[in-house]
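K.L.:
Following is a predicted model, sequence given first.
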Amino acid sequence: MHPNKDLFVDYQELKAPISVDGIAGNRSAVGAGLVPIVDDRGNVACLENTLHVPGLPSGLFSLTRANKQILVRVHKMTGTCVENPGI
């Protein structure tokens with residue numbers, strides 16, 4: 001989920017808003033699309049079907065969704081490294 005529509009590629013408005021409950025209270029997703037993720041080496045991967053939720057304080061990254069779409073390695077000492085050798 002991300003609040004900034006400008007980050008989306010191939011953006012599609014939803015036919016009906018989807019209610020999203022969470023830390024920021026009740027918000028509505030109004031669109032979805034691809035959101036590119038760039039690592040520190042300039043490699044780009046895209047998360048598909050990312051929800052556009054205006055009003056979120058910041059974007060939310062799902063390791064579960066990323067793991068299904070790209071290779072995700074979690075290093076206990078340094079945090080999370082998103083990496084896909086094929087990109």
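P.N.:
Happy to help now that I have it.

K.L.:
Show me the strands in this protein, by range?
P.N.:
9-22, 25-38, 44-52, 72-75, 79-82 (DSSP state E).

K.L.:
Return the most buried member of those strands.
P.N.:
For the strands of the chain, the largest average neighbour count (mean count of other Cβ atoms under 10 Å) is found in strand 44-52, namely a mean of 17. C-beta here means a position set from N, CA and C on the backbone, and glycine is covered the same way.

K.L.:
TSV please, covering the strands of the chain and showing distance to residue 62 and mean pLDDT.
P.N.:
Below are these laid out as TSV (distance: least, Cβ to Cβ, whole Å; pLDDT from 0 to 100):
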stretch	distance to residue 62	mean pLDDT
strand 9-22	12	91
strand 25-38	11	89
strand 44-52	8	87
strand 72-75	10	52
strand 79-82	11	55
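
K.L.:
Which of those strands sits closest to residue 3?
P.N.:
Among those, the nearest to residue 3 by Cβ to Cβ is strand 44-52 (7.6 Å).
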